[in-house]
Each structure stands twice: as structure tokens, then as C-alpha cells.
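Peer 1: Predicted model and sequence below, questions to follow.
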Amino acid sequence: MSDLKGEIVARMSDEIGAIEKDAPEAVALLYPSPYRVGMSSLGYQTIYRSINASEGRAAHRAFLPDDLEAWRQARAPLVTYEKLRPVSDYPVIAVSVAYETELAGLIQTLELAGIPPLAEDRTEQHPFILAGGPLTFSNPLPLAPFVDAVIMGEADQSVHTALDVIFGSDSKDSAMRTLSGQPHVFVPSAHGDILPPIDKADTAILPAFSQIITPHTELRNMFLIEPERGCHRGCTYCVMRRSTNDGMRVVKMDRILSLIPDDAKKVGLVGAATTDHPQITDVVNALADSGREVGLSSLRADRLNDDLMAALRRGGHRILTTASDGASQRMRDVIQRRTTEEQLRQAAKLARRHGMKRLKLYIMVGIPSETDEDIDELIEFGKELSSLIPLSLGVAPFVAKRNTPLDGVPFAGMPLVEARLRRLRRGVQGRVDVRATSARWAWVEYVLAQGGRPEGLAVLDAVHSGGRFSDWKRAFNALPQDRPRRLLVRPGDRLGRAS
């Protein structure tokens with residue numbers, strides 16, 4: 001146990017900005033993935049700072065261990081980083097869930113803490129489990145069997161209201177009854193499968209930004225800040241499209257720059273549509289002028305020009321990353337991705353002109369109505385781009401999400417997705433680097449994205465069986481075929497709406 005805790009102490013010693021605080025009302029802030037992932041989450045860090053800024057309240061972090069089996073063999077309870085205190089000792093566990101398969105991590109962390117993962121198996125003596133995070137924008141129903149309440153959408157402010165209720169109630173049942181009357185809180189025991197609307201934070205409190213800088217993350221030693229929140233575009237596959245929380249909300253340049261610490265040498269500008277910020281070139285130039293490296297998420301090909309590319313190059317960019325999403329122009333039109341072939345071609349030329357080493361292009365395969373001809377168009381276009389600059393394609397199978405216009409659209413099926421990937425790789429062999437995410441795990445993500453409580457319970461079975469893909473497949477296939485709203489599919493089948 002001392003070795004396991006020693007790793008936590010070592011990580012803490014490398015952090016800049018951690019908050020050491022004791023308070024009468026302490027919350028275990030749980031991220032159900034390893035530290036390197038959790039500490040790259042801007043939302044998680046923002047909630048951590050916000051709770052600790054509250055009078056009489058503290059938040060202490062906990063994560064899914066890197067070596068889960070070592071913790072199990074040591075019979076060591078999951079502990080928080082700030083206090084090395086067992087997570088089970090906290091009256092409230094606030095968990096941030098970003099994507100569907102992190103549900104497995106939630107189950108594993110709760111069990112490691114000695115807490116029954118199913119809400120129905122817990123008593124008043126167990127902590128109150130409050131969930132939130134990006135998953136709530138789409139479909140938190142698979143979470144329902146495991147949590148007491150879910151904050152829907154942006155929890156920047158509503159997390160405080162929820163915690164006021166929980167700490168101010170004389171019992172867990174009383175807290176859930178009160179929370180069930182809150183406009184943006186989903187209480188599974190009270191609401192069934194009816195989800196309340198997602199919350200929207202007041203624009204005046206934006207932006208979210210890092211509290212802690214650490215070398216032990218996916219984004220090493222980088223200070224993160226959002227220049228905008230949301231997106232004004234209408235891509236039909238995206239949860240963060242313009243209809244979500246009134247589209248894009250812009251943070252003024254002066255405020256962005258004022259929040260960046262003097263000792264932050266690397267700055268990441270993150271959001272759903274960072275290059276749509278009207279002052280983005282000026283922001284990048286200001287950061288580059290101060291000697292900082294700059295990273296951007298969500299570079300849109302139609303926003304790239306010489307001025308922005310020159311600023312990015314000055315800020316240390318060496319690889320230009322953007323997205324086509326559809327394999328062909330026809331497929332981009334299908335999903336209303338307003339990016340043209342000419343804009344992507346111009347992005348490659350700009351990248352070469354400004355000394356970038358590589359262009360990376362994100363693509364989805366398996367979009368409804370896609371054919372081999374669309375893949376062939378991508379092959380020819382990929383070859384053309386690779387003659388301008390070394391090209392990498394990051395390929396992901398399309399997964400339909402709830403709360404989007406493409407909700408309920410069938411999964412293409414693993415055989416078809418894998419066939420399309422083989423066709424693509426053969427077509428560009430030796431010319432383009434193709435890296436694809438797993439079709440198997442995309443299917444798992446799809447079933448959860450389109451599923452509900454039964455799918456959540458199936459994850460518990462899969463985790464207890466070992467957590468391999470075969471375990472997930474077996475658990476999903478064991479579910480009744482006639483449950484509401486969706487029909488389950490086998491990995492090679494398509495999934496459609498229940499009749």
C-alpha cells in the first residue's frame with residue numbers, strides 16, 4: 001500500500017496549483033479514468049477549483065488507478081490525492097463522466113472504494129453519488145442504476161446548488177426528493193427515464209481554465225483555457241451543435257489572456273469551435289509574442305488562412321490537424337459538415353507553406369448511405385493531399401448519439417466498417433498513414449449511446465466477467481430484445497428503433 005500511495009505523493013509533488021484544503025463539507029471528486037486522462041479534462045479541473053472556492057467546502061481528487069490489479073491485490077481502498085483518505089469516508093462522491101465506456105471505470109472505482117456500485121444496494125451510510133460531465137449532454141440513462149442524481153449539462157453553477165441540497169438534507173432520500181424538483185437535475189429513482197433539460201452556465205462566469213499544471217497528463221505541462229464554449233455550426237452528428245445551449249458563446253481576448261498564469265509556458269485553447277472565435281489569430285499571436293507554445297483544438301479548414309497559420313507556427317505548431325469527417329463531399333453534405341474539398345486542399349497548401357511537418361485529417365466511416373465509391377473518393381483525395389504534405393488519416397466508425405438529428409441511425413456493423421478500412425488502407429498503401437479506432441469498441445459505444453438502464457446493468461456484468469470485448473458482447477446479447485425505444489444488435493447487425 002505504501003508503494004501505491006507513494007505514486008500519488010510523487011505526482012502531487014510535481015503539480016503546480018493543487019489546492020490543499022480541509023473543510024467541514026468534503027467532496028471526493030472522482031474521475032473514472034486514470035490520472036493522465038482526468039487531469040487533461042478542463043471541466044473536471046474547473047469543478048475542482050469551484051468547489052474548493054466555496055466557503056466551508058473542499059474537493060479532493062480521486063481517479064481510476066493506472067494499475068487496477070495492483071490495488072486489488074493489495075486490498076487497498078481507493079483514496080483521494082489531497083488527503084490519502086478513503087473515498088468511502090466522504091459523504092458525497094461527485095463523478096465526472098465524459099464518454100460511454102467510462103461507465104466501466106465508475107463501477108471499478110466504486111468497488112475498489114468498497115461501495116456497492118448499484119444504487120439499490122447502497123444504504124444511508126454510503127456516500128451520495130452525484131454525477132455530471134460531458135456524457136449528460138447526450139445520454140446519461142446507462143448511468144441511472146449506479147448514481148443517486150445527475151446534473152445535466154453545464155454544472156459550473158448548478159453543482160453548488162446540488163451540494164447545498166445534499167449537505168443540507170437530513171437523509172439521502174430527502175436530498176433526492178428535493179433534487180428531483182430542481183430544473184436540471186436527473187434523479188433516476190424519481191424521474192424514471194424522463195430526462196430534464198440540460199443546464200447552461202451564465203456567460204459571465206466563463207471561461208473554464210486549468211487549476212493544476214502537471215507533467216503526468218496527455219497534455220503535458222499545458223495550461224488549458226476555453227476561448228469559447230459551444231458551437232454555432234449545425235453538423236447533424238454532433239451533440240455540441242448550434243441548437244445546444246444557444247450555440248457558441250465567445251470569451252473576450254483580454255479576459256482570456258488575463259487568466260493565463262505568468263509561469264504557464266504551454267497554453268492549450270480548447271473548445272468545440274476555437275477557430276470560430278473572431279479574435280483567435282490575435283490571441284495566438286499574443287501568446288506566441290510572450291514566448292509560449294500554443295495548442296488549439298477544433299481547427300476548422302474553412303477558418304485557416306495565412307495569418308492564422310503564421311501565428312500557429314510561431315506558437316510551435318508542427319502538425320496541422322483538422323477534420324473532413326465525411327469520406328467524400330457527398331457524405332459531408334449528408335451530415336451538414338460545411339467543409340469543402342477545396343478548403344481541405346487549401347489547408348494542405350497552407351501547412352506546407354508555413355513549414356508544418358504533417359497534415360492530420362479526421363474522418364468518419366460508416367455514415368448512413370456511405371458506399372465504396374465514397375471511400376474511393378477519399379483514397380484519391382488522400383493521394384492528392386499526400387503529394388502536397390505528408391498525410392495522416394485518423395479514422396473512427398460513426399456512432400450516432402442521442403440529442404442529435406442522427407439519433408437512432410443504425411450502426412453500420414463491424415464487418416462493413418472493417419471492410420471499408422481495408423479498402424482505404426489498400427488504396428493509399430505507402431502514401432498515407434491510416435490510423436483507425438476499433439470497430440468493436442465503437443459498437444460498444446454505440447449500444448451505450450443509444451441504450452438505457454438495461455445497457456448500464458449489462459456493463460456491470462461485463463466488468464465482473466473480465467471486461468474483455470467478448471464479455472461486453474455477451475452481456476449485451478443477453479439483454480431482452482423487446483425493451484423500449486431501441487433494439488439491441490449483435491456486432492455484425494444493424495440497430496434500429498423498436499416498433
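Peer 2: Here it is on my side, so go on.

Peer 1: For Ala442, give me its contacts.
Peer 2: Applying CB atoms under 8 Å, 6 or more residues apart in numbering, we find Ala442 in contact with Ala396, Pro397, Val399, Phe411, Val417. C-beta coordinates here come from the backbone N, C-alpha and C atoms, glycine included.

Peer 1: Would you point out the most distant pair within these?
Peer 2: Ala396 and Phe411 (12.6 Å; CB to CB).

Peer 1: just to revisit the earlier point, which ones among the contacts of Ala442 map onto strands?
Peer 2: If you go by DSSP state E, those have Ala396, Pro397 in strands.

Peer 1: okay, the contacts of Ala442 in JSON lines with neighbour count, distance to Arg229 and pLDDT next?
Peer 2: Shown next, in JSON lines, are those (neighbours: other CB atoms under 10 Å; distance: CB to CB, whole Å; pLDDT from 0 to 100):
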{"residue": "Ala396", "neighbour count": "19", "distance to Arg229": "24", "pLDDT": "97"}
{"residue": "Pro397", "neighbour count": "27", "distance to Arg229": "28", "pLDDT": "97"}
{"residue": "Val399", "neighbour count": "24", "distance to Arg229": "23", "pLDDT": "96"}
{"residue": "Phe411", "neighbour count": "28", "distance to Arg229": "30", "pLDDT": "93"}
{"residue": "Val417", "neighbour count": "24", "distance to Arg229": "32", "pLDDT": "96"}
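
Peer 1: is it possible to export the contacts of Ala442 to a markdown table including distance to Thr80?
Peer 2: Below are the contacts of Ala442 laid out as a markdown table (distance: CB to CB, whole Å):
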| residue | distance to Thr80 |
| --- | --- |
| Ala396 | 34 |
| Pro397 | 37 |
| Val399 | 33 |
| Phe411 | 38 |
| Val417 | 40 |
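
Peer 1: quick check, nearest of the contacts of Ala442 to Ile47?
Peer 2: With CB to CB as the yardstick, the closest approach to Ile47 among the contacts of Ala442 comes from Val399, at 26.2 Å.

Peer 1: Next one: the residue lying closest to the closest one once chain neighbours are set aside relative to Phe398, how far apart?
Peer 2: Closest residue in space to Val399, ignoring its immediate chain neighbours: Tyr446 at 4.7 Å, by CB to CB, 6 or more residues apart in numbering. As judged by CB to CB, to the nearest Å, Tyr446 and Phe398 stand 9 Å apart.

Peer 1: Find residues that contact each of those two.
Peer 2: Residues touching both Tyr446 and Phe398 (CB under 8 Å, 6+ apart): Phe411.

Peer 1: Run through the helices of the stretch 51-200 of the chain in chain order.
Peer 2: Remark: helices assigned in the stretch 51-200 of the chain by DSSP state H, counting those that start in this stretch are 68-73, 102-112, 158-168, 172-179, 188-191.

Peer 1: just so I know, which of these lies nearest Arg422?
Peer 2: Comparing the helices of the stretch 51-200 of the chain by CB to CB, helix 102-112 comes nearest, at 29.0 Å.

Peer 1: coming back round to it: I'd say the residue nearest to Val399 and Gly413 touch.
Peer 2: No. Using CB atoms under 8 Å, Tyr446 is not in contact with Gly413; the gap is 10.2 Å.

Peer 1: What about Gln125, how many residues nearby?
Peer 2: Counted with other CB atoms under 10 Å, residues neighbouring Gln125 total 7.

Peer 1: same thing with the one 4 residues further on?
Peer 2: If you count neighbours by other CB under 10 Å, Ile129 ends up with 24.

Peer 1: Same check on Asp173?
Peer 2: 12.

Peer 1: Show me the shaky parts of this structure.
Peer 2: Scanning the chain for pLDDT under 70 picks out 1, 482-499.

Peer 1: now the residue sitting nearest the centre point of the chain, nearest residue through space, not along the chain?
Peer 2: The residue lying closest to the centre of the chain (CA atoms, centre = their mean) is Ala98, at 3.9 Å. Setting aside the residues directly before and after it, Ala98 is nearest to Pro134 in space (CB to CB, 6+ apart), at 4.7 Å.

Peer 1: coming back round to it: between Tyr446 and Gly413, which has more neighbouring residues?
Peer 2: Using other CB under 10 Å as the criterion, Tyr446 and Gly413 rank with Tyr446 on top: 24 against 20.

Peer 1: Next, the angle from the helix or strand encompassing that one to helix 102-112.
Peer 2: Assessed by DSSP states H and E, Tyr446 sits inside helix 439-449. Here helix 439-449 runs at an angle of 80 degrees relative to helix 102-112 (axes from the mean of the first three to the mean of the last three CA atoms, to 10 degrees).

Peer 1: mind exporting helix 439-449 as PDB, just the C-alpha atoms?
Peer 2: The C-alpha trace of helix 439-449 is given here as PDB (Å, rounded to 0.1, in the frame of the first residue of the first chain):
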ATOM      1  CA  ALA A 439     -14.800  -1.000 -34.800                       C
ATOM      2  CA  ARG A 440     -15.500  -3.400 -31.900                       C
ATOM      3  CA  TRP A 441     -15.400  -0.700 -29.200                       C
ATOM      4  CA  ALA A 442     -17.300   1.700 -31.500                       C
ATOM      5  CA  TRP A 443     -20.100  -0.900 -31.400                       C
ATOM      6  CA  VAL A 444     -19.900  -1.000 -27.600                       C
ATOM      7  CA  GLU A 445     -20.000   2.800 -27.500                       C
ATOM      8  CA  TYR A 446     -23.000   2.800 -29.900                       C
ATOM      9  CA  VAL A 447     -25.000   0.400 -27.800                       C
ATOM     10  CA  LEU A 448     -24.500   2.500 -24.700                       C
ATOM     11  CA  ALA A 449     -25.000   5.800 -26.600                       C
END
